[in-house]
Each structure stands twice: as structure tokens, then as C-alpha cells.
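Asker: Here is my input; please provide its structure:
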Amino acid sequence: PGNADSHEGYTTFVAAGMDGGALLVDDRLLRRVFDLLDADHDGAISARDLERGLELTPAAAKFALREAIAEAYENTPNAPGKADSYMGAPRALGYFDFACLIQ
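Answerer: As a prediction, the model looks like this:
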């Protein structure tokens, strides 16, 4: 993962590895995936977590996180704290935003 293809890491993971319909049915599965990606178990998925869990380069992990956060906010127009978090460039994706992103 040292090339431009690694920037597709997050999108590829979600598209290839997850079936959104299954996640809607089983919240336990969604939580388990979140917990697996939250490598340091601090309750949020950071770029460093993506580096570890998906073996991405630091640049690819940051790109993937920014992409995920932007998409999560597109999917949750009235999310609490949306404007503040998005404008402040969050450094991690919490469970609520992750769940909105996947569903």
C-alpha cells in the first residue's frame, strides 16, 4: 500500500466487505466491525486505527478517514454537532457516524 491505489482502501473495504442490508438487521455485527477498526479501543476510528487495521499508509489512512467523515455527514443531515465537527475537521469517526455511514 505505498501507491495511489491505497487511497481507495476505505471505499474498497466498505464496498467489498460489507453488505449494508445485513448491518441494518444486526447492530451487533456493526458494533463488532467498528470495534475491530477501532484498534486502540478508544471509542473512535482514527487514521492511526485505519493504518493498523487495514495496513494503509499514513497518507492513505488520513484520506480514507476524511472521505468517511464527509460521507457520514452527507448521510446524516441533522446529526448532532454535525456543523461543528465537520468544520473543525474531526480526527476520528465515532460509532454514531460510522453507523450512519454504513447504513
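Asker: Just say helix, strand or coil for Lys62.
Answerer: What DSSP: H, G, I helix; E, B strand; the rest coil gives for Lys62 is helix.
Asker: which residues does it contact?
Answerer: Ala47 (C-beta atoms under 8 Å, 6 or more residues apart in numbering). Bear in mind the C-beta positions are built from the backbone N, C-alpha and C, glycine included.
Asker: Distance check, it against Leu30.
Answerer: 24 Å (C-beta to C-beta, to the nearest Å).
Asker: Show me where the protein has its helices.
Answerer: Assigned by DSSP state H, the chain shows helices spanning 9-17, 20-25, 27-37, 47-54, 58-75, 82-87, 95-102.
Asker: Of the ones you listed, which shows the lowest average pLDDT?
Answerer: Mean pLDDT is lowest for helix 82-87 out of the helices of the chain, coming in at a mean of 45.
Asker: Next, count neighbours for Arg66.
Answerer: For Arg66, the neighbour count with other C-beta atoms under 10 Å is 15.
Asker: and it, how far is that from Ala59?
Answerer: Distance of Arg66 to Ala59, computed by C-beta to C-beta: 11 Å.
Asker: With Leu101 instead?
Answerer: Leu101 is 21 Å from Ala59, by C-beta to C-beta.
Asker: try Phe98
Answerer: 21 Å.
Asker: Which pLDDT value does the model give the residue nearest to Arg91 when sequence neighbours are not counted?
Answerer: Nearest residue to Arg91 in three dimensions, chain neighbours excluded: Ser46, at 6.0 Å (C-beta to C-beta, 6 or more residues apart in numbering). In this model, Ser46 is scored at 94, pLDDT.
Asker: Same check on Asp26?
Answerer: With respect to pLDDT, Asp26 has a value of 73.
Asker: separation between it and Ala59?
Answerer: Distance from Asp26 to Ala59, counting by C-beta to C-beta: 33 Å.
Asker: quick one: which of these two has more around it?
Answerer: Between Asp26 and Ala59, counted using other C-beta under 10 Å, the more crowded position is Ala59 (15 against 10).
Asker: wait, doesn't Asp38 sit right on Ala44?
Answerer: Yes. Using C-beta atoms under 8 Å, Asp38 makes contact with Ala44 at a distance of 6.6 Å.
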